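> need the 3D shape of this:
(one chain, ligands or ions: 1)
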Amino acid sequence: MKQSAKNVMLLHSQAKVALYQKYLAKYLNILSRVDFIRKICIYDFMCGEGKYTNGEKGSAIVTFETIKNHYYSNNNSCPPISVWMNDNGMSDIDVGKSKIERVEELQHSIYKPATVQVKFTKYEFIEMYEQVCFELNTMPANTRALIFIDPYGYKDVRPSHLANLLGNQKTEIIFFVPISFMYRFAEKSTSDPTFSGGASLKKFLEELGIFDNDKFESVDVFIHQLKNKFRILFNQLTYVDTFTIKRDAQNTYALFFFTHNETGFRKMLETKWEIDRNQGKGHRLDANPALFSDMEISGYKIELKEYIKSGKRTNHDVFKFGLNRGYLPKHTNQTLHDLETEGLKIIVTSQNGDRVRKSAYYLDDRKISVVIEIKD
Ligand SMILES: C[S@@+](CC[C@H](N)C(=O)[O-])C[C@H]1O[C@@H](n2cnc3c(N)ncnc32)[C@H](O)[C@@H]1O
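All right, here's what the predicted structure looks like:
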């Protein structure tokens, strides 16, 4: 069999599945400890082959194995989980078999706790989307959902689909796209009406509010703009984050993560920082630091200083400001310490004006409310 990206799982796909797997493990751990939550639903809209010829496991198998591991590391217990695996394609590995049949067979050899229900379908994306929207809209308050959407391109999935899937506020989405490909054709597809190959990209961008006068100076700027446009489309309510996987100088993939939940968002940030210990932004496959543009090299110290200077900020405001820029409390804490070391006067007072312990910012303390100010 000739090896190709369809039957061998390439490094960038391994990186994507690794992020998904790490996040899913955290997601199950947290939700299984919340008394109020009675059920978790996991949807993989385009789950692939299950296992590839180089032995690597795709999102479907990783989902089943993560649930099994959760069960064994939690005293043989697991909350009720429903898993829906879908893929409309024929296998490139087992000729004559559909991908989903292959996934179903592979699943049989993985232990499945009794509380877990699994469903396998070979629907077109749009057919599953309609059914899932219905399920999500009628979902009880004590249920949570995680959706993984991993298409080859961007022709089937549109921003409005994502907005509708997020509508119940109890759903999180991980969405993977070949971003450099989109970036390369973005301007042409929105400005050249004769470019027939760009119709679905044009639709995608226009739903996000990106039109022919929008310009993008690099793939990183493009990702940044999409992120902001998604925020607007989702009425500013949703936390939006991205993770980039740079295969080489020409090929970047982006994973978009959408949630309404602050804890979920924080857990995704932790996952990203575990993978990219330097910047918490992405994964480089060729280890060439020059691939990260200036925009990614953080101006966080300056931004944080400006933010605190420009209004009355509590520890909770500063905590949220950091999260929204992709930084965990420990990073914001360190940045504040660095600013103080550089000679900046940071004053922390309780709500009644008393000074609190020097260099304590209480960013991660939900019970205490203090005011953080910068004095010139
Ligand atoms: C990038 S692969 C998914 C890989 C998978 N997540 C994994 O980790 O192994 C994209 C998958 O989408 C499926 N697909 C493409 N168009 C689809 C559609 N319109 N509806 C459902 N599945 C589709 C393909 O058969 C393919 O398996």
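> make it CA atoms for all contacts and neighbour counts henceforth
Will do.
> contacts for stretch 174-190?
20, 146-154, 195, 197-199, 201-202, 205-206, 211-212, 214-216, 219, 222-223, 250-258 (Cα atoms under 8 Å, 6 or more residues apart in numbering).
> just those residues that are near the ligand?
Taking Cα under 6 Å from any ligand atom as the test, the ligand is in contact with 150-152 out of those.
> drop anything exposed from those residues.
Those of those that meet the buried threshold are 150-151, by 16 or more other Cα atoms under 10 Å.
> dump the ones next to the ligand among the contacts of stretch 174-190 into TSV; add secondary structure as well.
Converted to TSV, those look like this (DSSP: H, G, I helix; E, B strand; the rest coil):
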residue	secondary structure
Asp150	coil
Pro151	coil
Tyr152	coil
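> could you dump the ones next to the ligand among the contacts of stretch 174-190 into a markdown table and include pLDDT?
Formatted as a markdown table, these follow (pLDDT from 0 to 100):
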| residue | pLDDT |
| --- | --- |
| Asp150 | 97 |
| Pro151 | 96 |
| Tyr152 | 92 |
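> what's the end-to-end length of stretch 361-369?
Distance between the two ends of stretch 361-369: 10 Å, counting by Cα to Cα, to the nearest Å.
> got the buried residues for it?
Here stretch 361-369 shows 361-363, 369 as buried, counting by 16+ other Cα under 10 Å.
> now do the strands in this protein.
39-44, 81-86, 116-121, 143-149, 171-177, 239-246, 252-259, 282-284, 313-314, 345-350, 370-375 (DSSP state E).
> dump the ones you listed to JSON lines, plus distance to Glu65, mean neighbour count and mean pLDDT.
Compiled in JSON lines, the strands of the chain are given as follows (distance: least, Cα to Cα, whole Å; neighbours: other Cα atoms under 10 Å; pLDDT from 0 to 100):
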{"stretch": "strand 39-44", "distance to Glu65": "13", "mean neighbour count": "21", "mean pLDDT": "98"}
{"stretch": "strand 81-86", "distance to Glu65": "12", "mean neighbour count": "21", "mean pLDDT": "98"}
{"stretch": "strand 116-121", "distance to Glu65": "12", "mean neighbour count": "15", "mean pLDDT": "98"}
{"stretch": "strand 143-149", "distance to Glu65": "16", "mean neighbour count": "21", "mean pLDDT": "98"}
{"stretch": "strand 171-177", "distance to Glu65": "18", "mean neighbour count": "21", "mean pLDDT": "96"}
{"stretch": "strand 239-246", "distance to Glu65": "23", "mean neighbour count": "23", "mean pLDDT": "90"}
{"stretch": "strand 252-259", "distance to Glu65": "22", "mean neighbour count": "23", "mean pLDDT": "94"}
{"stretch": "strand 282-284", "distance to Glu65": "23", "mean neighbour count": "22", "mean pLDDT": "68"}
{"stretch": "strand 313-314", "distance to Glu65": "42", "mean neighbour count": "20", "mean pLDDT": "96"}
{"stretch": "strand 345-350", "distance to Glu65": "46", "mean neighbour count": "18", "mean pLDDT": "93"}
{"stretch": "strand 370-375", "distance to Glu65": "43", "mean neighbour count": "19", "mean pLDDT": "92"}
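> show me the shaky parts of the protein.
Along the chain, the model assigns pLDDT under 70 to residues 236, 279-280, 284-298.
> now do the contacts for the residue nearest the centre of it.
The centroid of the chain falls nearest to Phe257 when counting by Cα atoms, centre = their mean (2.4 Å). Contacts for Phe257 (Cα under 8 Å, 6+ apart) come out as 172-175, 239-242.
> for it, give the beta-bridge partners.
Ile174, Asp241 (DSSP bridges).
> Leu136 and Ile93, how far apart?
34 Å.
> equivalent analysis for Tyr72, please.
With Cα to Cα as the criterion, Tyr72 and Ile93 are 31 Å apart.
> more neighbours: those two, which one.
A side-by-side neighbour count of Tyr72 and Ile93, using other Cα atoms under 10 Å, places Ile93 first with 19 against 13.
> so the more buried one touches Asn54, yeah?
No: Ile93 is beyond contact range of Asn54, at 11.1 Å (criterion: Cα atoms under 8 Å).
> please see if stretch 118-128 touches the ligand.
Yes: residues of stretch 118-128 contacting the ligand under Cα under 6 Å from any ligand atom: 123-125.
> distance of the residue nearest to the centre of the chain from the ligand?
Separation of Phe257 from the ligand (Cα to the nearest ligand atom, to the nearest Å): 15 Å.
> again with Gln334
36 Å.
> list phi and psi for the residue nearest to Met46 when sequence neighbours are not counted.
Nearest residue to Met46, sequence neighbours excluded (Cα to Cα, 6 or more residues apart in numbering): Asp87, at 4.7 Å. In terms of degrees, to the nearest 10, the main-chain angles of Asp87 are phi -160, psi 130.
> so what's Asp87 up against?
So Asp87 contacts 45-48, 99-100, 121-124 (Cα under 8 Å, 6+ apart).
> the ligand contacts on this protein?
Residues of the chain lying near the ligand (Cα under 6 Å from any ligand atom): 17, 46-50, 58-59, 87-89, 123-125, 150-152, 156.
> of the residues you listed, just the buried ones, ChimeraX syntax please.
Filtering these down to the buried ones (16+ other Cα under 10 Å) takes a single ChimeraX command:
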select :17,46,47,48,49,50,58,59,87,88,89,123,125,150,151
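> narrow the residues of the chain next to the ligand to those in helices?
17, 59, 125 (DSSP state H).
> tell me the one of these nearest Leu269?
Checking these against Leu269 with Cα to Cα, the nearest one is Val17 at 15.9 Å.
> export the buried residues of stretch 361-369 to a markdown table and tack on distance to Gln131?
Shown next, in a markdown table, are these (distance: Cα to Cα, whole Å):
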| residue | distance to Gln131 |
| --- | --- |
| Tyr361 | 47 |
| Tyr362 | 45 |
| Leu363 | 41 |
| Ser369 | 44 |
